[in-house]
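S.K.: Please work out how this folds:
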Amino acid sequence: MGISVPIGCLLFCWLCASSIASAQTTPPGLDQFSPNPLEITTPDPLTPTNESLSSTQRDELSVALDGLNLEALAKLQAGDGVGAFDIWFRELRLRRYLGPAVEIAALSRVGSVAWSNSKTIELQFITQRLQVIQKQVKSQVPVDIDLLRVLAAAFQQVRAKGPTIEVYQQILDNARQQQDILAEGQTLKAMGLIHINWLSYEKAAAVYEELASLIQENRALFAANSVVSTPAVVAGNGAPPVAVTPPTEVDSLRQLAYVYHQSKQHLNAIAAREKLVSVYMNLQNPSAVPPLKIAIAADYETLGQINLAAQYYQEAYNLAVPIQQYGNASEALEKLASLYRSQKQWEPTLRIYQMQLLLEERAYNLYGLMNAYDNLGQVYQEMKTYNKALEAYQKALDVAKRLGHRQEYFDKKILKVNKQLQRTS
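M.R.: This next block holds a predicted model:
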């Protein structure tokens with residue numbers, strides 16, 4: 001008589017066998033409980049026999065490690081990510097024998113690959129190793145600023161914002177101790193960009209306020225060194241490091257206005273743009289002013305200060321026309337008209353749209369002309385002045401036919417106004 005085995009037991013045995021087979025055939029991956037492979041001390045065939053390497057030994061080790069990098073890249077391209085990072089971690093452990101700058105550069109390179117391939121655990125281990133190096137560098141006297149800059153760039157490459165800011169703060173403190181105004185400005189700009197890239201607008205605002213004040217107090221120094229400078233390297237969440245050009249008063253105020261606008265601190269944004277207007281006028285660059293006036297007006301409009309908003313839209317128009325900035329002039333008029341239109345002040349609204357028509361004709365801007373007639377027709381329609389609305393839409397249609405654009409839209413508008421006329425007659 002055969003032995004009877006319950007189906008449940010058979011299923012359990014099959015699942016266990018499958019799990020064992022899977023564990024044997026699948027290479028072990030890293031998880032949050034794994035020890036950091038960069039801290040493994042197991043001897044490696046390539047480990048130097050002495051810490052002080054000759055030039056020849058350094059070159060030989062560098063060539064061997066470059067070979068490991070290429071081997072890891074090949075495995076990654078073949079779909080073996082686990083095997084690739086196993087080799088890369090071996091390479092990184094050995095790179096430290098070539099000095100901290102070389103090791104940091106290698107950690108940055110492999111960290112970039114880990115980020116691009118969503119290797120979270122691997123990225124965490126690389127960041128931890130960089131933090132160990134950070135502690136070592138921080139304790140050095142005197143501080144190695146060049147090494148700190150390389151370390152900051154590496155932290156940015158692995159998108160570690162906190163450590164990046166910490167390193168830049170140390171660089172900033174050193175610049176202040178040395179009374180190196182240019183280095184202080186460069187570092188503040190780098191920190192500001194990092195905060196912007198991470199959408200930390202309030203922190204960015206504090207940094208740019210400091211930078212703007214520093215430049216204003218040392219205008220001649222920054223102006224004389226606006227071209228000659230060693231650029232810092234910064235990046236933020238999701239972006240590779242980028243070179244930072246020397247800070248300028250214009251750049252700092254523009255960024256300040258931007259971060260205040262993003263954080264909805266409209267009065268502060270206005271103040272920054274007003275300063276920027278003064279700087280541009282001092283630089284005899286009036287062409288940069290009309291867009292700023294429009295932006296200031298928009299902030300006042302958001303704050304509900306309609307009269308000030310109207311004043312700045314008018315100023316933008318008055319400045320733009322003489323220098324033939326017809327696009328900015330038209331934008332200022334359209335926003336000004338919309339402002340009056342929202343208040344149902346029909347007479348100034350109509351007058352402004354008539355001015356816009358003349359402007360678009362002068363600029364030979366058919367699209368702008370068509371849109372101005374459209375806006376004019378809408379206002380007359382809201383006023384129930386249907387005859388004039390019909391006339392405006394007909395002129396808009398004539399322009400639309402010349403452009404071959406939006407003809408059906410204006411046909412429908414005209415049809416609707418004709419029906420409204422019939423009801424009122």
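S.K.: And the spatially closest residue to L211 that is not a sequence neighbour, how far from V259?
M.R.: Among residues not flanking L211 along the chain, L188 sits closest, at 4.2 Å (CB to CB, 6 or more residues apart in numbering). To be clear about C-beta, it is placed using only N, CA and C from the backbone, and glycine gets the same treatment. Per CB to CB, to the nearest Å, L188 is found 13 Å from V259.
S.K.: Now the common contact residues for the two.
M.R.: Listed contacts common to L188 and V259 are Y208; contacts here mean CB atoms under 8 Å, 6 or more residues apart in numbering.
S.K.: Confirm that the residue nearest to L211 lies within a helix, as I assumed.
M.R.: Yes - counting by DSSP: H, G, I helix; E, B strand; the rest coil, one finds L188 located in a helix.
S.K.: the more surrounded of L188 and V259?
M.R.: Neighbour totals were compared for L188 and V259, and V259 leads with 27 against 23 (other CB atoms under 10 Å).
S.K.: For the more buried one, report the pLDDT, please.
M.R.: V259 is assigned 97 on the pLDDT scale.
S.K.: what does N225 give?
M.R.: Looking at N225, the pLDDT reads 81.
S.K.: One more: the one 5 residues further on?
M.R.: Listed pLDDT for T230 reads 46.
S.K.: and if you look at S19?
M.R.: Confidence at S19, expressed as pLDDT, is 34.
S.K.: what does P246 give?
M.R.: 82.
S.K.: now it, what's its secondary structure?
M.R.: coil.
S.K.: Dihedrals phi and psi, it?
M.R.: Main-chain dihedrals, P246, degrees, to the nearest 10: phi -60, psi 140.
S.K.: what's the answer for M383, then?
M.R.: Torsion angles, degrees, to the nearest 10, at M383: phi -80, psi 0.
S.K.: which residue packs closest to it, ignoring adjacent ones?
M.R.: Distances taken as CB to CB, 6+ apart place W346 nearest to M383, at 5.5 Å, with adjacent residues excluded.
S.K.: Distance of the one you found relative to K413?
M.R.: Separation of W346 from K413 (CB to CB): 19 Å.
S.K.: quick revisit: and the residue nearest to M383, how far from S330?
M.R.: Distance from W346 to S330, by CB to CB: 20 Å.
S.K.: could you give me the average pLDDT of the helix or strand that contains V113?
M.R.: Assigned by DSSP states H and E, V113 falls within helix 100-116. Helix 100-116 comes out with an average pLDDT of 96.
S.K.: which parts of it are buried?
M.R.: In terms of neighbour count (16 or more other CB atoms under 10 Å), helix 100-116 has its buried residues at 100, 102-115.
S.K.: The helix or strand P163 falls within - contacts with which helices or strands?
M.R.: Here P163, judged by DSSP H and E, is contained in helix 161-177. The contact analysis (3 or more CB pairs under 8 Å, 6 or more residues apart in numbering; DSSP states H and E) places helix 161-177 against helix 120-138, helix 145-157, helix 181-197.
S.K.: so the shortest one versus helix 181-197, what angle?
M.R.: Translated: helix 145-157. Using axes from the mean of the first three to the mean of the last three CA atoms, to 10 degrees, the direction of helix 145-157 lies 10 degrees away from that of helix 181-197.
S.K.: Report the buried residues of helix 145-157.
M.R.: 145, 147-157.
S.K.: swap in the longest one?
M.R.: By neighbour count, and taking 16+ other CB under 10 Å as the criterion, the buried residues in helix 120-138 are 121-127, 129-131, 133-134, 137.
S.K.: Take the residues you listed and write them to JSON lines, including pLDDT and distance to R341.
M.R.: Output for these, formatted as JSON lines (pLDDT from 0 to 100; distance: CB to CB, whole Å):
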{"residue": "I121", "pLDDT": "95", "distance to R341": "58"}
{"residue": "E122", "pLDDT": "95", "distance to R341": "58"}
{"residue": "L123", "pLDDT": "96", "distance to R341": "53"}
{"residue": "Q124", "pLDDT": "95", "distance to R341": "56"}
{"residue": "F125", "pLDDT": "96", "distance to R341": "60"}
{"residue": "I126", "pLDDT": "97", "distance to R341": "57"}
{"residue": "T127", "pLDDT": "97", "distance to R341": "55"}
{"residue": "R129", "pLDDT": "96", "distance to R341": "61"}
{"residue": "L130", "pLDDT": "97", "distance to R341": "57"}
{"residue": "Q131", "pLDDT": "96", "distance to R341": "58"}
{"residue": "I133", "pLDDT": "96", "distance to R341": "62"}
{"residue": "Q134", "pLDDT": "96", "distance to R341": "58"}
{"residue": "V137", "pLDDT": "93", "distance to R341": "61"}
